[in-house]
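Enquirer: let me see the structure of the following:
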Amino acid sequence: MELNTLNYAVQIEALTVAYDSKPVLWDIDLNIPKGKLMAIIGPNGAGKTTLIKAMLGLLIPVSGKVRFFKEPIDNLRKLKNKVAYVPQSGSVDWDFPATVLDIVLMGCYGRLGFIKRPGIKDKEAAMDSLKKVGMEDYALRQISQLSGGQQQRVFLARALMQDAEIYLMDEPFKGVDVQTEKAIILLLKELKESGKTVVVVHHDLQTVPEYFDWVTLINIKVIASGPVEEVFHEQNLKTAYRSTGNLLKNAV
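Expert: Prediction:
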């Protein structure tokens, strides 16, 4: 499917990332259209989280380029209010004294800077974001006292505060119950319907057709990327997951 390059939220060209000289991502070419709700899927060790981190500039690639809205990732000044990131809760050191509300208010620092303090309207917006993820009753709780799933929802609320153009999320459904997962995917679909681009590292193949309209399959390299109805099929899944046939049985 060909799209005008003006309609791309993210453009990745020849991206290679290695750990200790071992390639984790190899020669990745990937264009993500604006206004899509996209899943990144692949087996464990395929490089899904690495891809997100490399897109954000959190990892230095061996080679390649990443652009958001035609701007290179190293131009952070122009991108800081456009890109929001929701990491896995397990990847964060939670041993610091901050309340849930404090964490969510960090989402407006890109607009305010670190000198100007959030005002009443910012705090109201933060509470509204917490309400959207069902965490308003925990606003004054220490973040370290929450479960992993609750912490994940707080990070999502912080991302909503940024009012970004693109949201990058690393397994936002990990550790949450079914009811919370349904609430989160409704939020993500609302973001997509409002013109935002949402990119999600995802592991549950069975929910891909229900949750997403675009999908990228990777296993060190890009296997396929495009509309779910076109690329989410048995042959691409077998290529991405190799011999994990049992995993595919109910996925398509």
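Enquirer: okay, buried residues for stretch 125-137 please.
Expert: Using 16 or more other Cβ atoms under 10 Å as the test for burial, stretch 125-137 gives Ala125, Ala126, Met127, Ser129, Leu130, Lys132, Val133, Met135, Glu136. C-beta: built from backbone N, CA, C; applies to glycine.
Enquirer: just the ones of those in helices?
Expert: Ala125, Ala126, Met127, Ser129, Leu130, Lys132 (DSSP state H).
Enquirer: distance check, the fifth one against Leu37.
Expert: Which is Leu130. Distance, Leu130 to Leu37, using Cβ to Cβ, to the nearest Å: 22 Å.
Enquirer: swap in the first one?
Expert: Computed with Cβ to Cβ, the distance linking Ala125 and Leu37 is 23 Å.
Enquirer: swap in Tyr211?
Expert: Distance from Tyr211 to Leu37, counting by Cβ to Cβ: 7 Å.
Enquirer: same thing with Leu146?
Expert: Counting by Cβ to Cβ, the separation of Leu146 from Leu37 is 26 Å.
Enquirer: compare those two (neighbour count), which wins?
Expert: Using other Cβ atoms under 10 Å, the more surrounded residue of Leu146 and Leu37 is Leu37, with 22 against 19.
Enquirer: tell me the contacts of the residue nearest to that one when sequence neighbours are not counted?
Expert: Nearest residue to Leu37, sequence neighbours excluded (Cβ to Cβ, 6 or more residues apart in numbering): Lys192, at 4.2 Å. Lys192 makes contact with Gly35, Lys36, Leu37, Val198, Asp213, according to Cβ atoms under 8 Å, 6 or more residues apart in numbering.
Enquirer: looks to me like Lys192 is in a strand.
Expert: No - remark: Lys192 does not belong to a strand; assigned using DSSP: H, G, I helix; E, B strand; the rest coil, it is helix.
Enquirer: and the pLDDT at it?
Expert: Note on Lys192: pLDDT of 96.
Enquirer: next, the nearest residue to Asp204 once chain neighbours are set aside: phi, psi?
Expert: Of all residues not flanking Asp204 in the chain, Phe173 sits nearest, at 7.2 Å (Cβ to Cβ, 6+ apart). When read as degrees, to the nearest 10, the backbone of Phe173 gives phi -90, psi 0.
Enquirer: tell me how far stretch 140-156 lies from the chain's centre.
Expert: How far stretch 140-156 lies from its chain's middle: 17 Å, per Cα atoms, centre = their mean, to the nearest Å.
Enquirer: in the stretch 101-250 of the chain, where is pLDDT below threshold?
Expert: Applying pLDDT under 70 to the stretch 101-250 of the chain flags residues 109-116, 243-250.
Enquirer: 80 instead, please
Expert: Residue ranges of the stretch 101-250 of the chain with pLDDT under 80: 108-119, 148-149, 175, 243-250.
Enquirer: helices of that one, start to end?
Expert: 109-112, 120-132, 148-162, 178-193, 208-211, 228-231, 234-241, 245-248 (DSSP state H, counting those that start in this stretch).
Enquirer: looking at these, which is buried most?
Expert: Most buried of the helices of the stretch 101-250 of the chain, by mean neighbour count (mean count of other Cβ atoms under 10 Å): helix 148-162, with a mean of 24.
Enquirer: report all helices and strands that it contacts.
Expert: strand 83-86, helix 100-105, helix 120-132, strand 166-170, helix 178-193 (3 or more Cβ pairs under 8 Å, 6 or more residues apart in numbering; DSSP states H and E).
Enquirer: got the buried residues for the second one?
Expert: Same thing as helix 100-105. In helix 100-105, counting by 16+ other Cβ under 10 Å, buried: Val100, Leu101, Asp102, Ile103, Val104, Leu105.
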